[in-house]
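Enquirer: I'd like to go over a predicted model; first the sequence, then the structure.
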Amino acid sequence: MISLYLPGASWCHRLPARLKLILLAVVSMAVFPVQDFWILSALLALTLLAYSSLGKGGLQQVKALRPMGAMLAIIFLLHAVTGDWREGVVTIERLTALILLANLVTITTRMDDMMEAVMPLFAPLSWLGLSPRKPALAVTLVLRFAPVLLSVYSSLREAYQSRSGKRTSWRLMGPFMLQALAMADNVAEALTARGGAEGFGARDTSVLPVRN
Amino acid sequence: MAFFRKRQENAQASSFNPDADPYAVLENVGLEMTGHQVLQDISLKLSERRIGIVGLNGSGKSSLIRLLNGLRLPTSGDVRVFGADTKTVQRDLPRYVGFVFQNPDHQAIFPTVEEEIAFGLTQLGASKTEAVSGARVFLERHGCAHLGPKPFADLSEGQKQLICILAVLVMKPKLLVLDEPMSSLDGLATRRIQNLIAALDQRIIMISHDLSLLTSYDRVLWMEGGRLRMDGSPQDVLPAYEADISARADIPVDGDAF
């Protein structure tokens, strides 16, 4: 989930985020009743074709499946043991295609476009007096800080290993949490320093840079 | 209950005077945080275009500059920036006073460079399309167009700090406050950022441990133990500060080091 956005300008990058999300939902629902091996194979092939059309490194993005490998294997085994292994194959095909399609949307949509597309879903929050910008910002922050937290953890691990010889320990969780909390404080301060989560009340377009 | 508070229209925004001279006035300012007296008895009138701040770690430098854009409010005394009391204009102060943090990773809020720059524009009410195209123009103008789509995490340290400074500059602050912006940079990046800052029209207040960066400044403040120890031209303050450090640098054979 970390290497999300794949910079590029392919056809899939250019499609509007909302259209991509709707297409994904439609395809997902349409594919669910399908049991035909060949139809699903065709869908999978088309999906892979879409990945390769993203340009350099496009097909590599299929690596998003890797963490799902174990789960897919278990699902297949369950089918094989309890029923028909062919049904297992079909189920795996369907899941793989859907995961890949969802991932395709993720890697070709910039986060702010994605948030813009789902923002209407947060609109009911304004009835409670909450700004719909806040959940959007929260999601953005998770994406921004996931890699940073990983690097914090890896430096903690290095510090531990350099003095203990052991690779890792549950004991690192405490300091890791503290560092994450300290980081949250820093981000809050950074946000405040630029006007807070809701921005300034008045619109001031005099600052907008324009091409001269 | 802060969650349910509606954003108030900034009625006080008009009380700012961007041409105020001096632009910042501190009167008998004290700051207490979690039982510690972080700053005390600070009275200052700031009107110079380039002001440097030096002092050891923990001397109160960072707290002092945080008073200027409302990240901290004084617990005693008054701070007025551009003619307005920071207590009453705290939320609008960041429009006029930009703040650059020591560690770029603590400042960047967004996954990509373009979003980071565009944020400042949306904060000032620009629509998303205006903000994105504005951000592109701005990046291009600063020779950074190629960085726009990149994830912030993939930038070099120097690029990160550059983007952090641009993300603040895009909001056109009248005063730019920088908290040791070069401390994580290599020599080349330091020089580039230094040149960028030097060319700015904005008034600058910068903390630095690298004293050579402050020699051309108009005024230098030396903080120690939460108080102002010396205030004057870099020609007077910097050598005195350096001499003090040298005199204290030898770790005593017995007695307390540090």
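Expert: Sure, I can see it. As the structure is a prediction and not an experimental result, all values here were calculated from the model.
Enquirer: show me the helices in the chain, by range?
Expert: With no chain named, the answer covers chain A. A:11-14, A:17-31, A:37-52, A:69-82, A:85-108, A:111-122, A:133-164, A:173-193 (DSSP state H).
Enquirer: nope, chain B please
Expert: Using DSSP H, helices in chain B cover B:61-68, B:93-96, B:104-107, B:113-123, B:128-141, B:157-169, B:187-198, B:234-249.
Enquirer: ok, of these, where does mean pLDDT dip lowest?
Expert: Here these differ in mean pLDDT, and the lowest is helix B:104-107 at a mean of 87.
Enquirer: which of the residues in that helix are buried?
Expert: Judged by neighbour count using 16 or more other CB atoms under 10 Å in any protein chain shown, the buried positions of helix B:104-107 are B:P104, B:D105, B:H106, B:Q107. C-beta coordinates here come from the backbone N, C-alpha and C atoms, glycine included.
Enquirer: how about the lowest-mean-pLDDT helix or strand in chain A, does it get close to chain B?
Expert: Lowest by mean pLDDT, DSSP states H and E among the helices and strands of chain A is helix A:111-122, with a mean of 78. Yes - for helix A:111-122, a contact with chain B is found by CB under 8 Å from any CB of the partner chain, at A:M111, A:D112, A:E116.
Enquirer: what is that helix packed up against?
Expert: helix A:17-31, helix A:133-164, helix B:113-123, helix B:128-141 (3 or more CB pairs under 8 Å, 6 or more residues apart in numbering or on different chains; DSSP states H and E).
Enquirer: just want the angle from that helix to helix A:85-108.
Expert: 110 degrees (axes from the mean of the first three to the mean of the last three CA atoms, to 10 degrees).
Enquirer: off-centre distance for helix A:111-122?
Expert: Relative to the centre of its chain, helix A:111-122 is centred 14 Å away, using CA atoms, centre = their mean, to the nearest Å.
Enquirer: where does chain A have low pLDDT?
Expert: Applying pLDDT under 70 to chain A flags residues A:1-4, A:212.
Enquirer: test my guess that A:E189 contacts B:N69.
Expert: No - with contact defined as CB atoms under 8 Å, A:E189 does not reach B:N69; the gap is 10.6 Å.
Enquirer: hmm, back to that, out of the helices of chain A, the one nearest B:S208 is which?
Expert: Within the helices of chain A, the stretch nearest B:S208 is helix A:173-193; the backing value is 19.0 Å (CB to CB).
Enquirer: dump the closest one to PDB, keeping only the CA atoms.
Expert: Output of helix A:173-193 as PDB, limited to C-alpha atoms (Å, rounded to 0.1, in the frame of the first residue of the first chain):
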ATOM      1  CA  MET A 173       7.000  -0.700  19.800                       C
ATOM      2  CA  GLY A 174       7.000   1.700  22.800                       C
ATOM      3  CA  PRO A 175       9.600   4.100  21.400                       C
ATOM      4  CA  PHE A 176       8.100   3.700  18.000                       C
ATOM      5  CA  MET A 177       4.700   4.800  19.300                       C
ATOM      6  CA  LEU A 178       6.300   7.800  21.100                       C
ATOM      7  CA  GLN A 179       8.100   8.900  18.000                       C
ATOM      8  CA  ALA A 180       4.800   8.600  16.000                       C
ATOM      9  CA  LEU A 181       3.000  10.700  18.600                       C
ATOM     10  CA  ALA A 182       5.900  13.300  18.500                       C
ATOM     11  CA  MET A 183       5.600  13.400  14.700                       C
ATOM     12  CA  ALA A 184       1.900  14.000  15.000                       C
ATOM     13  CA  ASP A 185       2.700  17.000  17.200                       C
ATOM     14  CA  ASN A 186       5.100  18.300  14.500                       C
ATOM     15  CA  VAL A 187       2.600  17.900  11.700                       C
ATOM     16  CA  ALA A 188      -0.100  19.700  13.800                       C
ATOM     17  CA  GLU A 189       2.300  22.500  14.300                       C
ATOM     18  CA  ALA A 190       3.200  22.600  10.600                       C
ATOM     19  CA  LEU A 191      -0.500  22.700   9.700                       C
ATOM     20  CA  THR A 192      -1.200  25.500  12.200                       C
ATOM     21  CA  ALA A 193       1.800  27.500  10.800                       C
END
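Enquirer: in it, what counts as buried?
Expert: A:M183, A:V187, A:E189, A:A190, A:L191, A:T192, A:A193.
Enquirer: wait, isn't the last one in contact with B:N69?
Expert: It stands for A:A193. Yes - counting by CB under 8 Å, A:A193 sits close enough to B:N69 to count as a contact (6.2 Å).
Enquirer: overlap in contacts of these two?
Expert: By the contact definition CB atoms under 8 Å, 6 or more residues apart in numbering or on different chains, A:A193 and B:N69 are jointly contacted by B:P94, B:G98, B:F99.
Enquirer: turn the residues you listed into JSON lines, including neighbour count and distance to chain A.
Expert: JSON lines is the format used below for the shared contacts of A:A193 and B:N69 (neighbours: other CB atoms under 10 Å in any protein chain shown; distance: CB to the nearest CB, whole Å):
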{"residue": "B:P94", "neighbour count": "24", "distance to chain A": "5"}
{"residue": "B:G98", "neighbour count": "24", "distance to chain A": "8"}
{"residue": "B:F99", "neighbour count": "27", "distance to chain A": "4"}
